[in-house]
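*Asks:* sequence first, predicted coordinates after that:
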Amino acid sequence: MLSVHLTSSFGQGIWLKGGLITQFSRPNGLNYVVDRYNETRSFLTTEMKPFNNLNGYSYGFMVNVENLFFEASYDHRSQNRFARGIDATNQEVERQIRASINSFGFGFGYGVIDGGFGFAIGGRANAGPLRVRTKIGTINEVRSLGWEEDDVFNQLHIDLDLNIKLILRYLVIEPYYSIQLVAQTNNMAEVNEQLNPNTFQNDPETIPFQSGGFGLKFIVLLGGYEAF
């Protein structure tokens, strides 16, 4: 993010930042597994919805020197989905699936600011675990259950994003576009085998996660101090 100084230049210093993220991506690989889950279970009373917006939070710090800035951040993005059906004992059960990406990001950019208002253009590299977890139980108990001890999927996820920061004094609005690197390494065929054990043999052996897409951050600048 950029300086909170309300002058015609960035100045020099370190600033804390924190806020919210929404990413309008549809991870097609995971949604393929969801579709197969719905298609192969005739007993469902409520089908599982596809994953779309991976929402969460971001916090970190920024160092700027004149018109250049460098940032480090931690981002959490996640979404839960569920399906319900009647099991062999005539009980209504619910399966929940949670997908999450927890990543550390390092970025840089160039910006212009005047009177506390301005913009910057930059890029950021992000890396961290992509996890898929699940739990299942009756309607009355499933919400109190913990996620299963062993993750259905837990692998490194890497992406790059290009962003534009709109600075409104202490608030930064940041639209960005994210590109997942080496999408094939996050192979949802492993998730398909775990969640659809009776039908996965008929499905592709490689099902890339595909998390790229547009996103939006709302960041508050929490103050700072002169470091140079």
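*Replies:* That came through, no problem.

*Asks:* quick one: low-confidence ranges for this protein?
*Replies:* Scanning the chain with the threshold set as pLDDT under 70 gives 1-13, 115-116, 223-228.

*Asks:* for it, identify the residue most remote from the centre.
*Replies:* The C-alpha centroid of the chain is most remote from Thr89, which lies 37.4 Å away (Cα atoms, centre = their mean).

*Asks:* measure Gly123 to Leu181 for me?
*Replies:* 13 Å (Cβ to Cβ, to the nearest Å). All C-beta atoms are positioned from the backbone trio N, CA, C, and that covers glycine.

*Asks:* joint contacts of those two?
*Replies:* Counting by Cβ atoms under 8 Å, 6 or more residues apart in numbering, the residues touching both Gly123 and Leu181 are Leu160.

*Asks:* thinking again about what came up before, can you tell me the helix or strand for the residue farthest from the centre of the chain?
*Replies:* Secondary-structure element containing Thr89, defined by DSSP states H and E: none, the residue being outside all helices and strands.

*Asks:* next, count neighbours for Tyr170.
*Replies:* Using other Cβ atoms under 10 Å, Tyr170 is surrounded by 15 other residues.

*Asks:* again with Val182
*Replies:* Residue crowding around Val182 was assessed by other Cβ under 10 Å; the count is 11.

*Asks:* what segments of this structure are strands?
*Replies:* In the chain, the strands defined using DSSP state E lie at 12-23, 44-46, 54-65, 68-86, 92-114, 117-138, 153-168, 171-180, 213-225.

*Asks:* gap between Gly123 and Gln23?
*Replies:* According to Cβ to Cβ, Gly123 stands 16 Å off from Gln23.

*Asks:* nearest residue to the middle of the chain?
*Replies:* Nearest to the centroid of the C-alpha atoms of the chain, with distances taken as Cα atoms, centre = their mean, sits Arg77, at 2.9 Å.

*Asks:* touching, that residue and Asn52? I think so.
*Replies:* No: Arg77 is not in contact with Asn52 according to Cβ atoms under 8 Å; the separation is 11.9 Å.

*Asks:* excluding its backbone neighbours, what's nearest Gln194?
*Replies:* Val152 (4.7 Å; Cβ to Cβ, 6 or more residues apart in numbering).

*Asks:* what sits opposite the nearest residue to Ile139 once chain neighbours are set aside in the beta ladder?
*Replies:* Nearest in space to Ile139, with sequence neighbours left out and distances taken as Cβ to Cβ, 6+ apart, is Glu92 at 5.1 Å. With DSSP bridges as the criterion, Glu92 is bridged to Ile86.

*Asks:* again, but for the one 4 residues further on
*Replies:* Going by DSSP bridges, Gln96 is paired in beta bridges with Phe82, Lys135.

*Asks:* for the one 5 residues further on, same thing?
*Replies:* Residues in a beta bridge with Ile101, per DSSP bridges, are Arg77, Leu130.

*Asks:* list the contacts of it.
*Replies:* Ile101 makes contacts with Leu54, Asp75, His76, Arg77, Ser78, Gly128, Pro129, Leu130, Arg131, His157, Ser211, as judged by Cβ under 8 Å, 6+ apart.

*Asks:* and with 10 Å instead?
*Replies:* Taking Cβ atoms under 10 Å, 6 or more residues apart in numbering as the criterion, Ile101 is in contact with 23, 27, 54, 56, 75-78, 126, 128-131, 157, 159, 180, 186, 209, 211.

*Asks:* again, but for Gly105
*Replies:* 58, 60, 71-75, 124-128, 159-161.

*Asks:* what packs against the longest helix anywhere in the chain?
*Replies:* When every helix of the chain is counted residue by residue (DSSP state H), the longest turns out to be helix 28-39. In this structure, helix 28-39 packs against strand 44-46, strand 68-86, strand 92-114, strand 117-138, helix 189-195, with contacts taken as 3 or more Cβ pairs under 10 Å, 6 or more residues apart in numbering; DSSP states H and E.
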